[in-house]
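Quick one: sequence plus predicted model below, questions after.
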Amino acid sequence: MKQLLALLTALCLILTCFAAGTAFTEEAEKSIVYFTEDISPEGLVAVYDALGWDPVGPVAVKLSTGEPPYSNYLRPELIADLVHHVNGTIVECNTAYAGFRAATAEHYQVAEDHGFTGIADFQILDEYGSLEIPVTGGTRLTGDLVGAHFTDYGSYIVLSHFKGHAMAGFGGAIKNASIGLASAMGKVRIHSGGTSDTHWHDELHFEFLESMAEAAKGVCDYLGNQVVFINVMNRISVDCDCDGNPEEPDIHDIGILASNDPVALDQACLDLVWKADGNEKLLWRINDLQGLHTLDHAEEIGFGSRSYTLVDIGKDSAQ
């Protein structure tokens, strides 16, 4: 009997240690997402500093210049301190649809009109065409067409305005790293699910969602540790910044989030939207367009994690 009790005790101890080890491993695998409710130049710099990132070489700050005349792009007065903090150059790529940002000269004019050239150097990465970088592990893409000037920079801050999107359901870090960093031709490749560089295929919806995840993975694989992601959750309209006449937001401003994992970052933003008052239109759009499939596919191909730990830097600093 004593031997049996000893055996059972040992077995319980092993199971307890295994469970604890499993819990520790699962916790260790969670990505860290930093949060502040302070949507201000100081809050943006603070959440960036929380990442503890050490950029190498020239730093590019990738954002959307916003389609005229009334889009909800991130205003220069909000982002200027961060751009100066890293001595960064603001970068963009041309669009693949009709508008004020499809041609390089007009796009530079938009950047000036919206105040970006007044706070920092500005460059359109695909001004002189495309550069193909490899995409591994995917099912839609084997290569991603980014702007030819992509390699002019050693490090990237992907600075995104989190909002809805008429095709992807929502736009955040993954969209900005994929569609945003893609050249005009690269945008067509992603939208066509990897089937064409010249013809946009709207009917290939799931292929498009999966191609976004794969293109973002290609960018992250290429840059390694030299890319970080920040999402600003203000003026959260159901419409994207590519819409020059978006609907007014129904959701109050929430905060700024940052991570080195764009999948976790977008998931954290979605979780905050799901808790927010006035979220009905945006949730409908995300669900109607199966927007979560992008995050599902990202995990399937080994890119990022939807599991995360949210660290509120405001609460941490107050303790």
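Yep, it's here. Numbering: from 1, shown residues only.

Give me the contacts around stretch 38-54.
Residues outside stretch 38-54 that contact it (C-beta atoms under 8 Å, 6 or more residues apart in numbering): 34-37, 77-82, 85-86, 157, 228, 230, 232-234, 253, 255-260, 311, 313-314. From N, CA and C alone the C-beta is placed, and that goes for glycine too.

From those residues, which land in helices?
Using DSSP state H, the members of these that fall within helices are E77, L78, I79, A80, D81, L82, H85, I313, G314.

any idea which of these is closest to D221?
L82 (25.1 Å; C-beta to C-beta).

hang on, the earlier thing: may I ask which of the ones in helices among the contacts of stretch 38-54 has the most neighbours?
Neighbour counts for the ones in helices among the contacts of stretch 38-54 (other C-beta atoms under 10 Å) peak at I79, which has 26 neighbours.

distance of that residue from E112?
16 Å (C-beta to C-beta, to the nearest Å).

Show me where the stretch 151-300 of the chain has its strands.
155-161, 163-165, 169-171, 227-233, 255-259 (DSSP state E, counting those that start in this stretch).

Turn these into TSV, including mean neighbour count and distance to G52.
Shown next, in TSV, are the strands of the stretch 151-300 of the chain (neighbours: other C-beta atoms under 10 Å; distance: least, C-beta to C-beta, whole Å):
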stretch	mean neighbour count	distance to G52
strand 155-161	26	14
strand 163-165	27	28
strand 169-171	26	27
strand 227-233	26	10
strand 255-259	26	11
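
And the residue nearest the centre of the chain, how far from C220?
Note on the chain: the residue nearest the mean C-alpha position is A173, at 0.5 Å, using C-alpha atoms, centre = their mean. Distance of A173 to C220, computed by C-beta to C-beta: 10 Å.

shared neighbours of the two, anything?
Common neighbours of A173 and C220 (C-beta under 8 Å, 6+ apart) are P262.

Tabulate the strands of the stretch 151-300 of the chain in JSON lines, adding columns for mean pLDDT and distance to D54.
JSON lines is the format used below for the strands of the stretch 151-300 of the chain (pLDDT from 0 to 100; distance: least, C-beta to C-beta, whole Å):
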{"stretch": "strand 155-161", "mean pLDDT": "99", "distance to D54": "9"}
{"stretch": "strand 163-165", "mean pLDDT": "97", "distance to D54": "30"}
{"stretch": "strand 169-171", "mean pLDDT": "98", "distance to D54": "28"}
{"stretch": "strand 227-233", "mean pLDDT": "98", "distance to D54": "10"}
{"stretch": "strand 255-259", "mean pLDDT": "98", "distance to D54": "15"}
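
can you put those in TSV and add distance to A102?
Formatted as TSV, the strands of the stretch 151-300 of the chain follow (distance: least, C-beta to C-beta, whole Å):
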stretch	distance to A102
strand 155-161	20
strand 163-165	18
strand 169-171	18
strand 227-233	25
strand 255-259	30
